Structure formats: structure tokens, C-alpha cells
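Q: Generate a structure from the sequence data that follows.
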Amino acid sequence: MATVADICRYMEDLAPLQLAEPWDNVGLLLGRADQEVHRLMTCLTLTMSVAEEALQNGVQLIITHHPILFHGAKRLTDMSPEGRLLLLLAEARIAVYSPHTAFDSASGGINQELAASLGLEDVRPLRKASRDIDGGQGRIGSLKLPCDPTSFLKQTCNAVQAHYLEFACHTTRPIQKVAVACGSAGEFLDDAARMGCDTFLTGETRFHTVLECQSRGINLILLGHFCSERPAVEKLAARIAPHFPGVNCTVSQTDRNPLSLYRAEDE
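A: Down below sits the predicted model:
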């Protein structure tokens, strides 16, 4: 039977922790390494509803993209939301692993999958890993054929299962060379511009970055943080399963986008 340590080793091969940002909190964050795992669940964010779902389904290991204990903790009690979450997990012997930015930058990670889902070719990192390891931050690639903005926006919605997105088109040229960076990644705009991209796609960014795209004549597409990362997390359970035949690998069904769209015309 697979243990927490066995699955952690697989995750570290898939997304080497050396790729994680220095400020990040990655790896096994809660639980015993020698515990057997019969059921595993993946999620983007480990909320109380996701924890309760894991408890109800007899899960021994949660792989969450966004880490718990991100800012550290000086006390663990039921007097805070994080404390209640951690106590529930610990008392139920549910281990927690987070790959976070290591998975963003891995050669088979979120940004690579996002670029592939958009039909980009000749994909490479926006910022190559400085260490002797495959991968790097963000991705850049080209569409096989130039595409008009409307068609590309529709294709993008389908790729990330989004009902809507925000965009700002600042050029009349067809879209062809695209930079992608999941999550909140406006800091990669300079890299996208330097590498000649006509379009920059991320989850969310500051308004200042929107204006900077305008001044540089670069199209900007904002998928929303959730939609930029959740599809790869859904696929992660299916990627793990063949390596551990005795482990039931599932995706959380309560891990949902916390934001909804309100349209005044619906009233």
C-alpha cells in the first residue's frame, strides 16, 4: 500500500521543490509520512468545505495547490478559521501536501498545460529556471495560424472552462505570439514585451498593469485566478492514479470559484 511519503516523492519528481519561489510554503505541510493512503483528493484551495468533503469520503491525503500555513502560526486553537481547519485535518489524520509555485513552473506543470490547452506551439519558459533543472516561470508560444481576437477569446474560455473573462485589446493585429502566466502574475509583462508577444494572458493583475499593456500595445486577457489554475489541478488526480493503483484518486467537488458574475441587465 502506498504511503504519504511515496506520493510526496512522486509529486517532487513531477514538480521539483527547487522550482518553488523563495517566499513559498511547499511540500508536506501536515501529517505523518509513513501513513498509508487509500484515498487521495486534489483541490486548488483547501477550504473548510473541502476538508469536510475529504473527511466524509475517507481521504488520507489532500494535495492542494494553494498552501495552508502560508503565513505560519503561533498557536493552534479553534478560535480562528485556520485553527479550526487544521484541527479538523489533524484529528482526522488527513495529511496535506502543496506543490504551489513548483507546480506552476514545472516542465509538466500548470503553465505548460495552460499553454498547450490554448494551442500554442514551440512553448518555452518566460523565465528559465536558474538551477540545473527543467522548467521555469510562465510560458511563451505561438499559434500555428494567426487568430482574430474574438476567436481567440472564445477558444480561451473553452480551454479553461470559464463562463467569462476580462480583456483589453490594444492592437488591430491578429493574435499569434502569446505569453501565459497562471495566478496573479502581472510582473511577467516585461518578459512578455521583451520577447515580442502581442498578447499576455494571466489570472489577475493590478490596474496599473492594464494601463501598461495599453501603452505598450499588448493585448491583455485576465482569466480569473481560479480558472487559470483549476483545470490543471483537475487533471492532476488522473496523472497520479496510474502510479498508485491501490489509491482512489479524486478531485474535490466543493472546490469552486469564490467569485460570481453579476450583470445588471439580468435584473
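
Q: Looking at whichever helix in the chain runs longest now, give me its mean pLDDT.
A: When the chain is parsed with DSSP state H, its longest helix is helix 225-240. Mean pLDDT, computed over helix 225-240, is 95.

Q: Run the chain-centre distance for stretch 182-198.
A: 17 Å (C-alpha atoms, centre = their mean, to the nearest Å).

Q: Who is L120 paired with across the strands?
A: L143 (DSSP bridges).

Q: Spatially nearest residue to L236 (excluding sequence neighbours)?
A: Spatial nearest neighbour of L236, excluding adjacent residues (C-beta to C-beta, 6 or more residues apart in numbering): T42 at 4.8 Å. Where you see a C-beta, it was placed from the backbone N, CA and C, and this is true even at glycine.

Q: Assign the one you found to helix, strand or coil.
A: strand (DSSP: H, G, I helix; E, B strand; the rest coil).

Q: how much space between it and L55?
A: 16 Å (C-beta to C-beta, to the nearest Å).

Q: contacting residues for the residue sitting nearest the centre point of the chain?
A: Closest residue to the average C-alpha location of the chain: E229 at 3.2 Å, with C-alpha atoms, centre = their mean. By C-beta atoms under 8 Å, 6 or more residues apart in numbering, the residues touching E229 are 44, 65, 110, 182-183, 203.

Q: Could you work out the end-to-end span of stretch 66-77 for me?
A: With C-alpha to C-alpha, to the nearest Å as the measure, stretch 66-77 spans 22 Å from end to end.

Q: for it, which positions count as buried?
A: Within stretch 66-77, the residues scored as buried using 16 or more other C-beta atoms under 10 Å are 66-68.

Q: got it, and stretch 33-46?
A: For stretch 33-46, the neighbour count (16+ other C-beta under 10 Å) marks 37, 39-46 as buried.

Q: still on that earlier bit, ok, the buried residues of stretch 66-77 vs H100, which is closest?
A: P67 (5.5 Å; C-beta to C-beta).

Q: from memory the closest one sits against N25, does it?
A: Yes - counting by C-beta atoms under 8 Å, N25 is a contact partner of P67 at 4.3 Å.

Q: pLDDT weak spots in this protein?
A: Where the chain drops to pLDDT under 70, the residues are 132, 170-171, 266-267.

Q: what about the helices in it?
A: 4-14, 48-56, 81-91, 100-105, 110-117, 149-160, 189-194, 207-216, 225-240.

Q: In the longest one, which residues are buried?
A: Going back to what we said before, that points to helix 225-240. If you call a residue buried by 16+ other C-beta under 10 Å, then helix 225-240 has these buried ones: 225-234, 236-237, 240.

Q: For the residue nearest to the centre of the chain, which non-adjacent residue is spatially closest?
A: C182 (5.0 Å).

Q: How about Q161?
A: The shortest distance from Q161 to any non-neighbouring residue, by C-beta to C-beta, 6+ apart, is to P231 (6.2 Å).

Q: what's the answer for A238, then?
A: Nearest non-adjacent residue to A238 (C-beta to C-beta, 6+ apart): C249, at 7.2 Å.

Q: how close does that neighbour get to L236?
A: Distance, C249 to L236, using C-beta to C-beta: 9 Å.

Q: what do these two both touch?
A: T42.

Q: Quote the end-to-end distance of stretch 168-179.
A: 15 Å.

Q: Repeat that for stretch 29-48.
A: End-to-end distance for stretch 29-48, by C-alpha to C-alpha: 16 Å.

Q: how far is it from where the chain is centred?
A: Taking mean C-alpha positions (C-alpha atoms, centre = their mean), stretch 29-48 and its chain are 17 Å apart.

Q: can you list the domains in this structure?
A: 4-103+229-251, 104-227 (automatic domain parsing).

Q: export the ones you listed to CSV and tack on distance to E265?
A: Output for the domains of the chain, formatted as CSV (distance: least, C-beta to C-beta, whole Å):
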stretch, distance to E265
domain 4-103+229-251, 27
domain 104-227, 13
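
Q: Looking at those domains, which is nearest to S260?
A: From the domains of the chain, taking C-beta to C-beta, the stretch that ends up closest is domain 104-227, at 9.4 Å.

Q: so how far is that closest one off the chain centroid?
A: In terms of C-alpha atoms, centre = their mean, the gap separating the centre of domain 104-227 from the centre of its chain is 14 Å.
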